[in-house]
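K.L.:
I need the structure of the sequence given here:
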Amino acid sequence: MDYKQQAVTALVAALDGQLTADEVTNKLERPKTSDKGDLAFPTFTLAKTLHQAPQQIAQDLAAKLDTTGFEKVEVVGPYLNFFFDKAAYSADTLETVLSAGAAYGQNQDGQNGNVPIDMSSPNIAKPMSMGHLRSTVIGNAIANILTKNGYHPIKDNHLGDWGTQFGKLITAYKLWGNEADVKKDPINKLVEYYVRFHKEDVDKPELDDVAREWFRKLENGDPEAHKLWEWFREVSLQEFNDVYQELGVKFDTYHGEAFYNDKLEEVVQILRDKHLLVESQGAQVVDLSKYDLNPALILKSDGASLYITRDIATALYRDRTYSPVKNLYVVGSEQTYYFKQLKAVLQEMGVKSAPNLQHVPFGLITADGKKLSTRSGRIILLAKVLEESVKLAQEEIAEKNPSLANKDEVARQVGVGAIVFGDLKNERTNNIDFVLADQLKFEGETGPYVQYAHARAESILRKAPHVTVAAAGNELADPLAWDTIKTLADFPQIVKMACAELEPSVIAKYAIRLAKTFNKYYAHAKVLTDDAQLPARLALVKAVSGVLKEALRLLGVESPDEM
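P.N.:
Numbering: from 1, shown residues only. Down below sits the predicted model:
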């Protein structure tokens, strides 16, 4: 039974047309505690039109209200508080959750529409730092959430495998590098060369000229430059994939910037044919004044392309290949203005999917409040953080549960999960100051806390008889379970909200809330007492375990059955 709809129908009838069903729905609130009811309707806004005090309006409405299906409706000051029929609602909710299993909350709103997601996108020959974590795990979670809502996401790791930095790297390698050192420790050596280049070119600006010349050679297909570029790319991908495997993230394509090299001429030609290119100080730009934006620089005065030229080619390729219903770019907030320009240029070009282009911004990860930067050598390596997190999880297990089976695998699930969850519980546009120890706590709003709630539920089920969907149909009269039941019932709406807002933290915060209500229930209820309510209590535990596991899966976090 849809209690919310029942309340809306009853209120619309009692209000005699004063408010529409949508207006009533928008005004309904959820009381902070269950003793104040399960839905509340405030009457403040009706005071002006009805020329009565809100308290009186609430009293009058209560007298006219059809309360069929509700346990009771109470007037508290200016509020009408609706109390659901707990036993019937519990039975209905548990039966729905257990019947659906992992598919609970699944919908087909997306109608299988394609959604390319530009995500992760590390630069070749640079290590994956904590700065790359956000785009990777946010993009992956959004892909999972889109799938749950009936879309078909296409995860594209748009590698930074082209550009002037390769001229700098080749220059540095030629000056200070050797093959044997790079083969021993590829990424760290290449970064060392790159950082040294930026230190030395402060006093030797002529190095920039050498680097530009090497990149020109690379663009023109010089065999030596191209061989070095391919080598740098290959060793970088090997290291990236080790990190992705640890995070459990997979991609559908790895079309980096270099993939679009042969597609740039067509972009420039389309812009010319549509009379969009304008000369400005020798360069070629697109005027975006009608969008209240600065001109978009498409070609430099020497004819060289820029990031936006490649991104236009990328968007055009995705438009033709996927006919996307959304086209998402999971890229830091500092690029917001740039994506406004990109979208405006694509709209001017008449690219069909341009209106569906959406920048999904996120805040910075900082350390001690300071921004991370490869160029300055100030980086926190993601692989090292994951390794350290798993090690700390191993120490925690050794102390608290040394006889645990599969200790190393559980430590990996907890350690990696702590890092992923620790990022995703934050609203994505917020900055995060990273402190590893805070992520691994088993108390508070952390991944291990939610994982432990799931493991605790599984532990109860291992001690109990087999739980069936029929058992869920038993009415659970225990008032201690009520907050958990209502939280379980919220999940389908949470899934929709996370998709509409492209916000994984909606799922993470829900998982924390469900874990908290379940832990509170478990602390006060004797779940395994052999009485008539046992099947219904076990159904509740199984439903919680399943929904926690699914919520964590959507975030890209695993759920060990024992911890």
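
K.L.:
tally of neighbours for Y260?
P.N.:
Using other CB atoms under 10 Å, the number of residues around Y260 comes to 21. Every residue, glycine included, has its C-beta placed from N, CA and C.

K.L.:
so the residue nearest to it when sequence neighbours are not counted is in which element?
P.N.:
Spatially, and ignoring its direct neighbours in sequence, Y260 is nearest to A313 (4.2 Å; CB to CB, 6 or more residues apart in numbering). Assessed by DSSP states H and E, A313 sits inside helix 307-322.

K.L.:
which of the residues in that helix are buried?
P.N.:
Judged by neighbour count (16 or more other CB atoms under 10 Å), helix 307-322 contains these buried residues: 308-319, 322.

K.L.:
next structured bit after that helix?
P.N.:
Using DSSP H and E, the helix or strand that follows helix 307-322 in sequence is strand 327-330.

K.L.:
what's the distance between D262 and R233?
P.N.:
17 Å (CB to CB, to the nearest Å).

K.L.:
typo on my end, R216
P.N.:
Separation of R216 from R233 (CB to CB) stands at 19 Å.

K.L.:
which of the two has more neighbours?
P.N.:
R233 (18 against 15).

K.L.:
so what's the more buried one up against?
P.N.:
I124, A125, L159, D161, G256, A258 (CB atoms under 8 Å, 6 or more residues apart in numbering).

K.L.:
closest to A354 among those?
P.N.:
Set against A354, the nearest of the contacts of R233 by CB to CB is G256 (22.4 Å).

K.L.:
which residue sits closest to that closest one, ignoring its sequence neighbours?
P.N.:
L159 (3.1 Å).

K.L.:
for the one you found, list the residues it contacts.
P.N.:
S121, P122, N123, I124, R233, L237, Y254, H255, G256, E257, A258.

K.L.:
the closest residue to V557 other than its chain neighbours: which element?
P.N.:
Closest residue to V557 apart from its sequence neighbours, by CB to CB, 6+ apart: G417 at 4.1 Å. Secondary structure from DSSP H and E places G417 in helix 407-424.

K.L.:
mind checking how far the lowest-mean-pLDDT helix or strand in the chain is from the chain centre?
P.N.:
Ranking every helix and strand in the chain by mean pLDDT, DSSP states H and E puts strand 370-371 at the bottom, with a mean of 72. Relative to the centre of its chain, strand 370-371 is centred 22 Å away, using CA atoms, centre = their mean, to the nearest Å.

K.L.:
give me the sheet partners of it and which way each runs.
P.N.:
Its sheet considered, strand 370-371 pairs with strand 365-367 (antiparallel) by DSSP bridges.

K.L.:
could I get the full set of strands for the stretch 101-250 of the chain?
P.N.:
Using DSSP state E, counting those that start in this stretch, the strands of the stretch 101-250 of the chain run over 114-119, 152-157.

K.L.:
just say which of the ones you listed is most tucked in.
P.N.:
For these, the largest average neighbour count (mean count of other CB atoms under 10 Å) is found in strand 114-119, namely a mean of 24.

K.L.:
okay, the angle between that one and strand 152-157?
P.N.:
Comparing the axes of strand 114-119 and strand 152-157 via axes from the mean of the first three to the mean of the last three CA atoms, to 10 degrees yields an angle of 30 degrees.

K.L.:
in JSON lines: the strands of the stretch 101-250 of the chain, plus distance to P223.
P.N.:
JSON lines is the format used below for these (distance: least, CB to CB, whole Å):
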{"stretch": "strand 114-119", "distance to P223": "31"}
{"stretch": "strand 152-157", "distance to P223": "27"}
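
K.L.:
who's in contact with stretch 258-266?
P.N.:
L159, D161, W162, R233, S305, T309, R310, A313, T314, L316, Y317.

K.L.:
ok, and for the lengthiest helix in the chain, which residues are buried?
P.N.:
Of all the segments assigned as helix in the chain under DSSP state H, the longest by residue count is helix 223-247. Within helix 223-247, the residues scored as buried using 16+ other CB under 10 Å are 225, 228-229, 231-233, 235-237, 239-240, 243-244, 246-247.

K.L.:
also stretch 165-177?
P.N.:
Q165, F166, G167, K168, L169, I170, T171, A172, Y173, G177.

K.L.:
repeat for stretch 61-78
P.N.:
For stretch 61-78, by 16+ other CB under 10 Å, it's L61, L65, G69, F70, V73, V75, P78.

K.L.:
out of these, flag the one nearest to P448.
P.N.:
So of these, ranked by how close each gets to P448 (CB to CB), first place is F70, at 39.4 Å.

K.L.:
who's the closest one bridged to?
P.N.:
With DSSP bridges as the rule, F70 is bridged to F84.

K.L.:
equivalent analysis for L277, please.
P.N.:
Beta-bridge partners for L277, by DSSP bridges, are V286.

K.L.:
residues in contact with it?
P.N.:
With CB under 8 Å, 6+ apart, L277 has these contacts: V268, L271, Q284, V285, V286, I298, L299.

K.L.:
farthest pair within those residues?
P.N.:
Across those (CB to CB), the longest gap, 12.2 Å, separates V268 and V285.

K.L.:
give me the common contacts of those two.
P.N.:
Residues touching both V268 and V285 (CB under 8 Å, 6+ apart): L277, I298.

K.L.:
quick one: which of the contacts of L277 is nearest F434?
P.N.:
Among the contacts of L277, and counting by CB to CB, the member closest to F434 is I298, at 37.3 Å.

K.L.:
is it true that that closest one lies in a helix?
P.N.:
No: according to DSSP: H, G, I helix; E, B strand; the rest coil, I298 belongs to no helix; its state is strand.

K.L.:
give me the pLDDT for S373.
P.N.:
At S373, the pLDDT value in this model is 65.

K.L.:
go on, N81?
P.N.:
97.

K.L.:
mind checking what secondary structure it has?
P.N.:
Looking at N81 with three-state DSSP, the answer is strand.

K.L.:
the closest residue to it other than its chain neighbours: neighbour count?
P.N.:
Distances taken as CB to CB, 6+ apart place G37 nearest to N81, at 3.2 Å, with adjacent residues excluded. When neighbours are defined as other CB under 10 Å, G37 has 23 of them.

K.L.:
got it, and the one 3 residues further on?
P.N.:
Around A40 sit 20 other residues, with neighbours defined as other CB under 10 Å.

K.L.:
name the surrounding residues that touch the helix or strand where it lies.
P.N.:
Per DSSP H and E, A40 falls inside strand 39-42. With contacts defined as CB under 8 Å, 6+ apart, strand 39-42 is touched by 3-4, 7, 11, 24, 27-31, 54, 61, 78-82, 84.

K.L.:
any idea of the pLDDT on the closest residue in space to D156 that isn't next to it in sequence?
P.N.:
Take D156 and drop its neighbours on the chain: the residue closest to it by CB to CB, 6+ apart is T253, 4.7 Å away. T253 is assigned a predicted lDDT (pLDDT) of 97.

K.L.:
can you check A40 too?
P.N.:
97.

K.L.:
is it correct that Q451 is in contact with A551?
P.N.:
No: between Q451 and A551 there is no contact under CB atoms under 8 Å: 11.0 Å.

K.L.:
returning to that earlier point: adding distance to L461 and pLDDT, write the contacts of R233 out as CSV.
P.N.:
Converted to CSV, those look like this (distance: CB to CB, whole Å; pLDDT from 0 to 100):
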residue, distance to L461, pLDDT
I124, 47, 90
A125, 49, 87
L159, 44, 95
D161, 48, 94
G256, 46, 93
A258, 51, 93
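
K.L.:
now, which of those sits nearest V469?
P.N.:
L159 (46.8 Å).

K.L.:
neighbours around L554, how many?
P.N.:
L554 has 27 nearby residues by other CB under 10 Å.

K.L.:
for L98, see how far away it is.
P.N.:
19 Å.

K.L.:
wait, E458 sits on M563?
P.N.:
No: look at E458 against M563 with CB under 8 Å: they stay out of range, at 9.4 Å.

K.L.:
wait, P122 touches M130, no?
P.N.:
No: checked against CB under 8 Å, the pair P122 and M130 is beyond contact range at 11.9 Å.
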